[in-house]
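A.B. asks: Okay, predicted coordinates and the sequence, questions at the end:
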Amino acid sequence: MMEFFSMDGYAAYVWPSYAITLGIIVLNIVWARRSLRRARDDARRRLSIAEPER
Amino acid sequence: MNWIWFHKLGSSPHAYTLARRLTPWVAWPAALLIAAGFYGGLVLAPADYQQRDAFRIVYVHAPSAWMSLMVYTAMAMSAAVGLIWRIKVAHAVAASCAPIGASFTVAALVTGSLWGRPMWGTYWEWDPRLTSELILLFLYLGYMALRSSIDDLTRADRASAVLAIVGLVNVPIIHYSVEWWNSLHQTATVMKIAKPAMPASMLLPLLMVLLGFTLLFLALLFTRVRGEILRRERTAHWIREALLT
């Protein structure tokens, strides 16, 4: 098990590479969902201004 | 040839609904493929005879680099479609691509640098492959900066489309840089016509992550493009229905 984590002495390069890539994947998911949510909120606001009776 | 599918894709309500329905069908396979590919790459694949365990960085580096080029190509092509045929949905696709592509270009540069340090003895070198990939990042950032500097969406779409199309010339330069110039960077291992220079136990996890990242791109694109479509529709009546779902 320790052998796996030590990556034959390259742990300082292998693990940060995976951590950064996974971090960028997670950020992309968060950013994409936030971007959609904001657009939906804006669209809702525009509709309620255009037709105030609703 | 039947062009109805093309017109349908260009219609905002249709594209919005299609993107919403397709998202889970690409997102879950993406998650499974990436997880399985990382497991295969970190645990099952044998160590490289020269690079030993450091070569395992390939499973995050090559797919990130693939994303940086594939997303740029998709962005420039949809920008061109939007510019030529004035299709709003195409511009919405192009605008959605930029932040995804930029972030994976950063991933490719950083993981490449972490690979270069133990293998080449340096984090960075002004090498053709590395320099042209850095220019790709600046193209993405320039595209996003140009977009955000123009308030009118229609004008922002057109101006940024021109930049995206001109920048497309950089994509083959990045790909062939390792052949055209003397580069520290190794030449293609998978993306070449001859047989890939890797045994199956090393290659399969890589192909899984490559496919997984491509599906992840589609899932992110489908999510973002819905927002971009909504931003381009002012008071269309279909939005009310779309917002209820």
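C.D. replies: That came in fine, so what should we check first? Here the structure is a predicted model, which means the values were calculated and not measured.
A.B. asks: quick one: pLDDT of whichever residue of chain B sits closest to chain A?
C.D. replies: Closest approach between chain B and chain A, counting by C-beta to the nearest C-beta: residue B:227, at 3.3 Å. Yep, even glycine has a C-beta here, placed from its N, CA and C like the rest. The predicted structure scores residue B:227 at 96 on the pLDDT scale.
A.B. asks: separation between it and residue B:99?
C.D. replies: Per C-beta to C-beta, to the nearest Å, residue B:227 is found 12 Å from residue B:99.
A.B. asks: cool, and residue B:232?
C.D. replies: 17 Å.
A.B. asks: quick one, which of these two is more surrounded?
C.D. replies: residue B:99 (21 against 18; other C-beta atoms under 10 Å in any protein chain shown).
A.B. asks: Show me what the helix or strand hosting the more buried one is packed up against.
C.D. replies: Residue B:99 belongs to helix B:88-120 when assigned by DSSP states H and E. Contacts defined by 3 or more C-beta pairs under 8 Å, 6 or more residues apart in numbering or on different chains; DSSP states H and E place helix B:88-120 against helix A:11-50, helix B:4-10, helix B:12-39, helix B:58-85, helix B:128-149, helix B:153-167, helix B:200-232.
A.B. asks: quick one: the longest one to chain centroid distance?
C.D. replies: Relative to the centre of its chain, helix A:11-50 is centred 4 Å away, using C-alpha atoms, centre = their mean, to the nearest Å.
A.B. asks: Now do it and helix B:58-85, the angle between them.
C.D. replies: Angle, helix A:11-50 to helix B:58-85, by axes from the mean of the first three to the mean of the last three C-alpha atoms, to 10 degrees: 30 degrees.
A.B. asks: buried ones in helix A:11-50?
C.D. replies: By neighbour count with 16 or more other C-beta atoms under 10 Å in any protein chain shown, helix A:11-50 contains the buried residues A:13-15, A:17-18, A:20-21, A:24-25, A:28, A:31-32, A:35-36, A:39-40, A:43, A:46-47.
A.B. asks: Run through the neighbouring helices and strands of it.
C.D. replies: With contacts taken as 3+ C-beta pairs under 8 Å, 6+ apart, helix A:11-50 sits against helix B:58-85, helix B:88-120, helix B:200-232, helix B:238-244.
A.B. asks: Any regions of the chain where pLDDT drops low?
C.D. replies: Using chain A here. Scanning chain A for pLDDT under 70 picks out A:49-54.
A.B. asks: my bad, the chain I had in mind was chain B
C.D. replies: For chain B, applying pLDDT under 70 flags the ranges B:1-2, B:191-194, B:196, B:235, B:245.
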